[in-house]
Every structure is written in structure tokens, then in C-alpha cells.
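Engineer: Provided below are the primary sequence and the corresponding predicted coordinates.
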Amino acid sequence: MTVLPDDGLSLASEFPDAPHEQWQHLVAGVLRKSGKEVSGDAAEDALSTLLEDGITTRPLYTAHDTAPDAGLPGFAPFLRGDRAEGNTVGGWDVRQRHTVADGDAVLSDLENGVTSLWLGVGGNGIPVSSLAAVLENVYLDLAPVVLDAGDETPAAADRLLALYEERGVAAAAARGNLGADPLGFEARTGRPAYDLAAVAGLARRCADGYPGLRALTVDALPYHEAGGSTAQELGCALATGVAYLRGLTDAGLSVTDACGQLEFRYAATADQFLTIAKLRAARRLWARVAEACGAPEAGAQLQHAVTSPVMMTRRDPWVNMLRTTVATLAAGVGGASSVTVLPFDEALGLPDAFARRIARNTSTILIEESHLSRVIDPAGGSWYVERLTDELAHAAWEFFQGIERDGGQAAALRSGAVGARLAETWAARSAKLATRREPITGVSEFPHLDEKPLERAPAPEQPSGGLPRVRRDEAFEALRARSDAHLAATGARPRVYLAAIGPAAAHSARLAFAANLFRTGGIEPVTEGTFEESGAPEACLCSSDALYEEAAEATAAELRAAGAAHVLLAGRPGQYAGVDAYAFAGCDAVALLSTTLDRMGVS
């Protein structure tokens, strides 16, 4: 061993810690320059962000931000991973979803990086009778198969198990999940599917004869897709898992065997730290349930992460590649066992071969080139992540307890209690989206009106009738659809004239703001020439506050004399004669744009 000489340099540990108050004082000084007179805790609060579920993220975390001991990977409370080796051996399972009977597409995915299949079977998806044909060239002892068959789960499960026998696959080599999820189906459709007795029969068959095969999926996507918060998604998953544990143990399975039959499915979003904390908190929560049931060793939660359908946009869909990349990174760092990357054109219809290739390669790049899976729980030890994980776990546990007080997941779904809570959360988030405080790149920020839309074949219709399916872009998508219809009918988009007052230094910022705002509603901003030449029925003033005081009313009068039926102003609301409305940062953009289109006769 080489001994380094003493060079006389002081180590960092010899310096005294800077007190928290000193940092707050420096923050207050910076805020003072922007016109905010705050100090102490108020200065720190000014830089904090309120998340859903009553959680606040602060600008600075230190060793004083304590959280419970995270333990070791592969050991209770499994917060740091369900296995001691994590995903270091081969990376996470790359799971691709297929909903049509296309054996060539399935085989292409498996030959190019996909390691397991998630098949939408029954209903409008792959017919149960076509399951053998879809898997004809698949080595079933190598590629795990996960079913998602709704109320046709018993028939689909029987067919898959029969395929294993017909093709001579050893029972020990069969891996995957039969996908039974009656409560998830009820959440999707509003109607019961099959009772837990049938599920318990499948679980017993798997536990007794197929050690690598699980029977049940606890799918949290219906609650995420209905607009639920992260804690609500976790709480619903926990309540569903507990309901299945009760049903399976009542049918004679031990707690250990029952836990071993469950796989949990969560959404991974482009909020990377929240996704990381979600997956870590989910494992801790399930470990607590197993402990309370007397089987702490069975608390390792198998997790399947799916990039969020809610965040996918129909306009500028190429940006979805970036969203899913961040979400996949978060899922990997969070410790998901399997990850499904939805193709970037998922919201437009049936994904094409290029989109499926990009989806599977997203995981491959992160695993093989970025070496993301070589570190177990890379976020572990971060004061921020550990604190966020702890706070999220507590919020989810509180929501779970509320469901239990309502009689459990089934009762809470049927009474409408779950749906009402999710709807309330989505209403609050919709307000943030409408005011663009939660921006959507390519939709509510930097939209491209002249983009050529992608054409895709229609995808199979998804089950409906229960909880709604929401998307972040839906309000702006409705506005853009109105504009598209107007373009198709008249050959031109609705227009607004942006009247710049004064030199560029005075109006450029608000001119850019207004142009971006109107484009989000499909309204084409015109900045060249005169109002008469623009062909626009309305105008919007753009300048500085100082110049508004001098010239806003006179300019508005000139525009009205030139034929402007309505005059807006880009800036803070004021009292200017001739100005009908104001467009400013934080205004309800959806309401403003919808009203503008109404006045223009764009239906």
C-alpha cells in the first residue's frame, strides 16, 4: 500500500460548517436585487416549490434533513432495491407492449434488444385464439410473457399455460405474469370482471407448478391516467395489493406465496426525482404491509415501470422521445425490474416500426452505453431523494388508510370515492396547465403551427367506462383542433395582429411572449405590415409598461378605427381605454384563447 506524504495541506473537514442562517442571508441578498424583501426562513420559502400531495421541495438539503435508515439493497425495507445485486446483471428487463396480432413485429423486437413481451389480449387487442400464432417463433423458455387480458384473463392464461406444455417448455423455465387484475379492470371499465376465486386458482397453479410465473398484476396506471397524484397512485396500488393479499390468503395461500404472486406496475414520468422517489417509496410501503402480515421476508416488490401516457403529446410528438428518455432514466435509477418505453407516436395511433425501434433503444442506450444499471440505487444517500422518498411514503400511506376506512379498494371504487379524489387532483393540475405554470414543450410552449402531422393507423380502442383517461395536452389540443378545422375550411388559420409600440428593446420580450401564447391556441400572429394588411380581426398591443402609459390608449383607438373588433394588451392588467383584455404570464391561457376563437367564429 502506498502511503501518501503529509504535504501540510488542510483537509476540507477542518473547515467549520457554514451555518444555515448564513446561507439564508445570502439568498435574501440575491432576492432583494429582484425586488423581494424577505429574510430568514421566508427567503428559503421563496425558492421552495409546492408539489402535489402537500409536499414541498426546498432549494437546499443538508445532512440535517433526516430520513429513516434506507437499509441495504435486497433487504427489508427494500427501499434500495428488491434484490441485493439490483439491475447490475444485464440491466433491467426491456419490456415492449403489443396490442395487435403481428408476430413479425414481436419477433423483430426480441431480435433487437427487447427481453420480454407485454401483450394486450382479448377485447379489441390480440384475440386469445391468435396467441399461439403471435408467439409462434418466440422461444418461450427465454422470453418472459406478460398478459393484459381484462375480463378474458382466465381464458388467456389457460391458453398460455397450454402453449408452454405443447412446446415442451419446462415449468421452471416459464417466466412472466398471467396479468390477473380484476380491480384494475373494474377501475378501467366500471364493471366487475371475474371474482378472486378464479384469480386464486391461477395463483395456486403458478405457486405450485411455475416458480418463475406470477398470476397477478397490481396495475396503478388507471389511477395515474385518471389524473391522480403520485401519492394517490401509490395509495391505490397499495390498497389493491392488500385486497389481493386478503383474497389469496383466504383461499389458502400463505402470505409469502401470495406476495410472490404479485407484480406492481407504475407510471414513470419526466419528473425524474419524483419518479425515483415513487419507486423507492413503493417498495418501502409494500415492505411495511408484508411486515404487518407477519412475513417481512416476503416484502420485496417486483416493479414494472411504464413511461407515462399522460405526458405524451399529439402535437410535436418528437419531443416525446425526450420525455420517455428522462422517464426511463428515472425508472432505472429508481430500481424498476422491468421498464416499458411507450413509442413516441403512441398518442396518435398504432406505433410504426421506427417508433418501436426508438422505444426499445432508449433502454439499450441507458443500459449498454450509459452504464446506468451498473450502480445499485445511485440516488441512495442523496439528502433530497431520501427526504422526498420519506415524505411521499407518508402521503401515500395516509391516502391508503383513507381507502381502507372506506372499506377497501373495491368499495372505494364502486362508491366513487377514489374517482372523486382523483378528479379533484386533476382539476387543480389542469389549472396549472391552463395557466402554463406547468409548461408542455411543443404544445403550450414553443408550438409549431406549420408542423406536418404524423399519420398513423388507428390503434385498438382501449377499455373505457370507468375512470377517465386524461392527457396533459388535452385542453390545448382542443384549441389546435379548432384551428385545424378552420384552416381546412377556409385555407387560412385564425389570425391576430401584434402591434409593437416603440423600439425593439421595449417591445421584443412581450412580442415574443404574445406570439408564443397565440400559437398555443392555433392562432397565427402577424407582426409585419399594418393592421389592415394583416387580415386579422383582432389586435394585441406589445410594449413596455412605460410606453403603455404613454401610447396604449391612443394605439388602441387607432386600431379600432382601422377595424379591430377587439384589442388585447400583452402585460399586467391595467385600466386603459379601448383595451378589452390582458395577456400576461400566469393568465388562464386556455380561457383567453378559447374566448378569442369564439369571437373569431372558429368553432
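Structural biologist: On my side now, so go ahead.
Engineer: contacts, neighbours, all on C-alpha from now
Structural biologist: Will do.
Engineer: helices or strands up against whatever helix or strand Arg288 lives in?
Structural biologist: Element membership of Arg288, judged by DSSP states H and E, is helix 272-292. Where contact means 3 or more C-alpha pairs under 8 Å, 6 or more residues apart in numbering; DSSP states H and E, helix 272-292 is packed against helix 230-250, helix 319-334, helix 383-405.
Engineer: to Asp69, which of those helices lies closest?
Structural biologist: Nearest to Asp69, of all the helices and strands packed on helix 272-292, is helix 383-405, at 9.2 Å by C-alpha to C-alpha.
Engineer: okay, now the unreliable bits of the protein?
Structural biologist: Judged by pLDDT under 70, the chain has its weakly predicted residues at 1-13.
Engineer: next structured bit after the helix holding Arg288?
Structural biologist: Moving toward the C-terminus from helix 272-292, the next element (DSSP H and E) is strand 303-307.
Engineer: helices and strands around that next one, which ones?
Structural biologist: Against strand 303-307 (3+ C-alpha pairs under 8 Å, 6+ apart) you get strand 262-268, helix 319-334, strand 338-340.
Engineer: ok, residues contacting that strand?
Structural biologist: Strand 303-307 is touched from outside by 263-269, 279, 324, 327-328, 331, 336-342, with contacts defined as C-alpha atoms under 8 Å, 6 or more residues apart in numbering.
Engineer: quick one, phi/psi of the residue nearest the centre of the chain?
Structural biologist: Most central residue of the chain, judged by C-alpha distance to the mean C-alpha position with C-alpha atoms, centre = their mean, is Thr269 at 3.2 Å. Recorded main-chain torsions at Thr269 are phi -110, psi 180, according to degrees, to the nearest 10.
Engineer: ok, now Asp148?
Structural biologist: When quoted as degrees, to the nearest 10, the phi and psi of Asp148 stand at phi -140, psi 90.
Engineer: can you tell me how far it sits from Trp286?
Structural biologist: 23 Å (C-alpha to C-alpha, to the nearest Å).
Engineer: do Val199 as well
Structural biologist: Using C-alpha to C-alpha, Val199 is found at 20 Å from Trp286.
Engineer: still on that earlier bit, between the helix holding Arg288 and helix 230-250, how many degrees?
Structural biologist: Per axes from the mean of the first three to the mean of the last three C-alpha atoms, to 10 degrees, the angle that helix 272-292 makes with helix 230-250 is 30 degrees.
Engineer: state the number of residues packed around Val114.
Structural biologist: By other C-alpha atoms under 10 Å, 23 other residues sit near Val114.
Engineer: hmm, Gln96 and it touching each other?
Structural biologist: Yes. Counting by C-alpha atoms under 8 Å, Val114 does reach Gln96; the two are 6.5 Å apart.
Engineer: between these two, which contacts overlap?
Structural biologist: Common neighbours of Val114 and Gln96 (C-alpha under 8 Å, 6+ apart) are Arg360.
Engineer: need the contact list for Arg175.
Structural biologist: Contacts for Arg175 were tallied using C-alpha under 8 Å, 6+ apart; they are 141, 143-145, 210-214.
Engineer: just send the helices and strands packed on helix 272-292 back as CSV, with mean neighbour count too.
Structural biologist: Converted to CSV, the helices and strands packed on helix 272-292 look like this (neighbours: other C-alpha atoms under 10 Å):
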stretch, mean neighbour count
helix 230-250, 24
helix 319-334, 24
helix 383-405, 21
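Engineer: among the contacts of Arg175, who's most crowded?
Structural biologist: Arg214 (27 neighbours).
Engineer: I'd like the next helix or strand past the helix or strand that residue falls within.
Structural biologist: Element membership of Arg214 [criterion: DSSP H and E] is strand 213-219. Later in the chain than strand 213-219, the nearest helix or strand by DSSP H and E is helix 221-225.
Engineer: report the backbone C-alpha coordinates of that next one in CSV.
Structural biologist: What follows is helix 221-225, C-alpha atoms only, in CSV (Å, rounded to 0.1, in the frame of the first residue of the first chain):
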residue,chain,number,x,y,z
LEU,A,221,-51.8,3.1,-14.4
PRO,A,222,-55.6,3.5,-14.3
TYR,A,223,-55.2,5.9,-11.3
HIS,A,224,-52.3,7.8,-12.9
GLU,A,225,-54.1,8.1,-16.2
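Engineer: tell me which other helices or strands it touches.
Structural biologist: Identification of packing neighbours for helix 221-225 by 3+ C-alpha pairs under 8 Å, 6+ apart yields helix 182-189, helix 230-250, strand 262-268.
Engineer: what angle do the second one and helix 383-405 make?
Structural biologist: With the same axes, to 10 degrees as the basis, helix 230-250 and helix 383-405 are set at 50 degrees to each other.
Engineer: and helix 230-250, what does it pack onto?
Structural biologist: helix 196-209, strand 213-219, helix 221-225, helix 255-259, strand 262-268, helix 272-292, helix 383-405, helix 409-415.
Engineer: re the thing from before, possible to save the helices and strands packed on strand 303-307 as TSV with distance to Tyr194?
Structural biologist: Formatted as TSV, the helices and strands packed on strand 303-307 follow (distance: least, C-alpha to C-alpha, whole Å):
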stretch	distance to Tyr194
strand 262-268	17
helix 319-334	31
strand 338-340	27
